[in-house]
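*Asks:* Need a 3D model of the following:
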Amino acid sequence: MEQRLSIFLSYARRDRAQVARLQGQLEAGAFDVLIDVEDIRPGEPWRARLLGMIDAAHVVVFALTAASVASRVCLWEMEQARLQKKRIIIVVMGDHDRAAVPRWMRALNYVSMRTEAEVAANLARLTDGIRVAPRWLRYHTRLQQRARAWEAAPEREEELLTGAVLSEAEQFVLQPSEDAPEVGELVRTFVMASGERARAEQEAALRAAEDRAAHERALRKRAESRALAARSQILADQGHDLAGLVAVEAWTRAPIRQARIALCQRAMSHPRLMQMLAPVGTYTPPGAKYALRDGAAFSADGRRLALCMGWRVTGCGSGGWVPRRN
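*Replies:* Down below sits the predicted model:
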């Protein structure tokens, strides 16, 4: 069953009897009427009580009389409704000083219900005005209440919107349909904060995924480097000329300890390969800390060339090794 529209009825205490009749007429029209019937007591946080009622209302109806336009509480209620972008309908229920009415309220279209004849003529007009775009009224009110809870929550992050709920709210705020109401600053700030948090979480998740992928690539290259270093040793034991070039490839995959040792060991029997090595830090015997210079490493006979630093040896022919970029 669809939720009934709720109306906050703002009025002056002096007009209580007259407003009670309007309340009955609205309730008979299947509306829930939120009305403050309690006097404000000294020290009472009345603003919070009234603000909660305004937040919960889909529409605000102002009973305009000389007493209500002179009431600081009534004008405060209307200002809160304006800030929240509530649909406001002003019902003229008595004579008043038009100059005393706030300028922004004077710009609204009034519904006159001062006499029996005006009530009979305009009650349907009032209820029709309340019912315009009820879906958006309900949604706007729910969003307003969520925004108010976020504003008051000690842990504000927990109140932010996420997922499909956030997408719907962003659509409502940033790309509203023609019949959707305008939203207030609190709702806009709430939705924007939710979107920023969601995007920050997405970026963090993306960075984490990239870090994991980079870590996995590094592990794979280290594993390949270890395998090539071991292969280099096997080829060296067999007296194969490829041993030095495979050691170079092991180093270019990942400069790990096994690759460094294999490269330095091969360099001892490949003078030209030794030329391509540079000590790192204090000089130590071969097999310790060496780095591969930018450029090329040669086989022992000087006829075959292994390009390194970003190049990977993929095969050889009579003319030499054929390099290809990683």
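
*Asks:* Show me which helix runs longest in the protein.
*Replies:* Longest helix in the chain by number of residues (criterion: DSSP state H): helix 185-237.

*Asks:* Let me see the mean pLDDT of that helix.
*Replies:* Average pLDDT, helix 185-237: 94.

*Asks:* Which strands and helices lie in contact with that helix?
*Replies:* Helix 185-237 is packed against helix 134-152, helix 163-174, helix 242-253, helix 257-269, with contacts defined by 3 or more Cβ pairs under 8 Å, 6 or more residues apart in numbering; DSSP states H and E. The C-beta positions use only the backbone N, C-alpha and C, and glycine is treated the same way.

*Asks:* buried ones in the longest one?
*Replies:* Within helix 134-152, the residues that qualify as buried are Trp136, Leu137, Arg138, Tyr139, His140, Thr141, Leu143, Gln144, Arg146, Ala147, Arg148, Trp150, counting by 16 or more other Cβ atoms under 10 Å.

*Asks:* Give me the contacts around that helix.
*Replies:* 2-3, 5-6, 51, 55-59, 84-85, 87, 156, 159-161, 169, 172, 177, 179-181, 183-184, 186-187, 189-191, 193 (Cβ atoms under 8 Å, 6 or more residues apart in numbering).

*Asks:* now that helix, how far from the centre of its chain.
*Replies:* The chain centroid and the centroid of helix 134-152 are separated by 18 Å, computed with Cα atoms, centre = their mean, to the nearest Å.

*Asks:* ditto for the second one
*Replies:* Its chain's C-alpha centre lies 11 Å from the corresponding centre of helix 163-174 when counted by Cα atoms, centre = their mean.

*Asks:* Just want the angle from it to helix 134-152.
*Replies:* Per axes from the mean of the first three to the mean of the last three Cα atoms, to 10 degrees, the angle that helix 163-174 makes with helix 134-152 is 110 degrees.

*Asks:* CA-only coordinates of helix 163-174 in CSV, if you can.
*Replies:* Provided in CSV are the C-alpha atoms of helix 163-174 (Å, rounded to 0.1, in the frame of the first residue of the first chain):
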residue,chain,number,x,y,z
GLY,A,163,25.4,1.3,-4.4
ALA,A,164,22.1,1.6,-6.3
VAL,A,165,20.7,3.9,-3.6
LEU,A,166,23.4,6.4,-4.2
SER,A,167,23.0,6.2,-8.0
GLU,A,168,19.3,7.0,-7.7
ALA,A,169,20.0,9.9,-5.3
GLU,A,170,22.7,11.3,-7.7
GLN,A,171,20.2,11.1,-10.6
PHE,A,172,17.6,12.8,-8.5
VAL,A,173,19.9,15.7,-7.4
LEU,A,174,22.1,16.2,-10.5
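
*Asks:* Now that helix: average pLDDT?
*Replies:* 92.

*Asks:* Could you list every helix and strand in contact with it?
*Replies:* Using 3+ Cβ pairs under 8 Å, 6+ apart, helix 163-174 sits against helix 134-152, helix 185-237.

*Asks:* from the ones you listed, which stretch is densest packed?
*Replies:* helix 134-152 (a mean of 18; mean count of other Cβ atoms under 10 Å).

*Asks:* Only the C-alpha atoms, please, for it, written as PDB.
*Replies:* Coordinates of each C-alpha in helix 134-152 appear next as PDB, following Å, rounded to 0.1, in the frame of the first residue of the first chain:
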ATOM      1  CA  PRO A 134       3.600  12.400  -5.200                       C
ATOM      2  CA  ARG A 135       6.400   9.900  -6.000                       C
ATOM      3  CA  TRP A 136       9.000  12.600  -6.000                       C
ATOM      4  CA  LEU A 137       7.600  14.200  -2.800                       C
ATOM      5  CA  ARG A 138       7.900  10.900  -1.000                       C
ATOM      6  CA  TYR A 139      11.400  10.300  -2.300                       C
ATOM      7  CA  HIS A 140      12.600  13.900  -1.500                       C
ATOM      8  CA  THR A 141      11.300  13.500   2.100                       C
ATOM      9  CA  ARG A 142      13.100  10.200   2.600                       C
ATOM     10  CA  LEU A 143      16.300  11.700   1.300                       C
ATOM     11  CA  GLN A 144      15.900  14.700   3.500                       C
ATOM     12  CA  GLN A 145      15.500  12.500   6.600                       C
ATOM     13  CA  ARG A 146      18.600  10.500   5.600                       C
ATOM     14  CA  ALA A 147      20.500  13.700   5.200                       C
ATOM     15  CA  ARG A 148      19.400  15.000   8.600                       C
ATOM     16  CA  ALA A 149      20.400  11.700  10.200                       C
ATOM     17  CA  TRP A 150      23.800  11.900   8.500                       C
ATOM     18  CA  GLU A 151      24.200  15.500   9.800                       C
ATOM     19  CA  ALA A 152      23.500  14.500  13.400                       C
END
